[in-house]
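**Student:** Here's my sequence, what's the structure:
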Amino acid sequence: MVHTGDAELDVLEIFYRAEKNSRLYQRLVYDLQIAQDVQAYQSSSKLASQFQIVATARAGHKLEELKNVIQEEIDKIKNTPPQRESCREL
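**Tutor:** Here you go, the predicted structure:
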């Protein structure tokens with residue numbers, strides 16, 4: 001069963017997925033080098049849906065640092081939705 005917002009979260013999952021060319025992976029793993037890996041999941045269910053981002057901090061970096069950068073990326077996507085050319089898989 002599809003619920004309001006599920007399609008949007010599915011698109012967001014593609015945009016943040018752990019693939020090496022995703023925005024979040026690029027920023028945390030390659031650019032800032034503060035994470036070992038990053039994963040994003042969208043799970044729909046009858047009563048509620050969940051969207052999760054999971055990241056593993058690199059040695060010498062704190063979880064709070066990861067949390068802050070992930071929140072920055074969430075805020076960016078809320079304020080500036082991705083353009084079609086940045087969503088190659090769509």
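**Student:** buried residues in stretch 66-80?
**Tutor:** Within stretch 66-80, the residues scored as buried using 16 or more other C-beta atoms under 10 Å are 66, 69-70, 73. Yep, even glycine has a C-beta here, placed from its N, CA and C like the rest.
**Student:** Stretch 23-37 too?
**Tutor:** By neighbour count on 16+ other C-beta under 10 Å, the buried set for stretch 23-37 is 23-25, 27-29, 34-35.
**Student:** just those residues now: which is nearest Ser45?
**Tutor:** Of all the buried residues of stretch 23-37, Ser45 sits closest to Leu24, with 23.7 Å by C-beta to C-beta.
**Student:** Validate this expectation: the closest one resides in a helix.
**Tutor:** Yes: applying DSSP: H, G, I helix; E, B strand; the rest coil, one finds Leu24 inside a helix.
**Student:** hang on, isn't it packed against Ile70?
**Tutor:** Yes: under the criterion of C-beta atoms under 8 Å, Leu24 makes contact with Ile70 at 7.1 Å.
**Student:** Can you check which residues contact both of those two?
**Tutor:** Jointly contacting Leu24 and Ile70 under the rule C-beta atoms under 8 Å, 6 or more residues apart in numbering are Ile53.
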